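> Compute the structure for the input listed below.
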Amino acid sequence: QVQLEESGGGLVEPGGSLQLSCTVSGNILRLNAMAWYRQAPGKRREMLASMTGGGNRMYEDSAKGRFTISRDNAKNKLYLHMNSLKPEDTAVYYCAADRTWVGGRYEYNYWGQGTQVTVSS
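Numbering: from 1, shown residues only. Just a heads-up that it's a prediction; the model follows:
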């Protein structure tokens, strides 16, 4: 069983930066992939970025150029660094781990509880 705990959310002004952390119980290198998702009020959950166990990164269009996914293997942590934040980035941000290919797409088996990010002046 893998447990994930996000932290680092909060209130930030437009144009500001924020770094989210996801602490993994156990060895992060045993996971085949990890990802960051977000869900805004009234909207579907969307994936932002993913990183495989081998270190390959992938970004969705909404994250390209502003968000960076990274990992600290020694600390068993996954990060999402966000720059140039906009009010439309306001959402609950989730960390996910260990994906499975189901019905033509990846699904993640483990999820954190989420951390709120609010971008507002």
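
> Give me the residues contacting the lengthiest strand in the chain.
What stands out as the longest strand in the chain, according to DSSP state E, is strand 91-102. The contact list for strand 91-102 (C-beta atoms under 8 Å, 6 or more residues apart in numbering) reads 2, 4-6, 9, 20, 22, 24, 31-41, 43, 45, 48, 50, 78, 80, 106-112, 114-117. C-beta coordinates here come from the backbone N, C-alpha and C atoms, glycine included.

> let's see 6 Å
2, 4, 6, 20, 22, 31, 33-35, 37-40, 78, 106-112, 114-117 (C-beta atoms under 6 Å, 6 or more residues apart in numbering).

> Then stretch 53-70?
Here stretch 53-70 makes contact (C-beta under 6 Å, 6+ apart) with N32, M47, L48, A49, S50, M51, Y79, L80, H81, M82, N83, S84.

> Does T23 touch E5 like I think?
Yes: counting by C-beta atoms under 6 Å, E5 is a contact partner of T23 at 4.8 Å.

> And the most centrally placed residue in the chain, how close does it get to S121?
Central residue of the chain (C-alpha atoms, centre = their mean): W36, 2.0 Å from the mean position. Going from W36 to S121 by C-beta to C-beta, to the nearest Å gives 24 Å.

> same deal with G54?
40 Å.

> Kindly report the same for P14.
For P14 relative to S121 (C-beta to C-beta), the value is 6 Å.

> More neighbours: those two, which one.
A count of neighbours by other C-beta atoms under 10 Å puts P14 above the other of P14 and S121, at 13 against 9.

> can you map out the strands along the chain?
For the chain, strands defined by DSSP E occupy the ranges 4-7, 10-12, 18-24, 33-39, 46-52, 57-59, 67-72, 77-82, 91-102, 105-111, 115-119.

> Can you lay out these as CSV showing mean pLDDT?
Shown next, in CSV, are those (pLDDT from 0 to 100):
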stretch, mean pLDDT
strand 4-7, 97
strand 10-12, 98
strand 18-24, 97
strand 33-39, 97
strand 46-52, 96
strand 57-59, 97
strand 67-72, 97
strand 77-82, 98
strand 91-102, 96
strand 105-111, 94
strand 115-119, 98
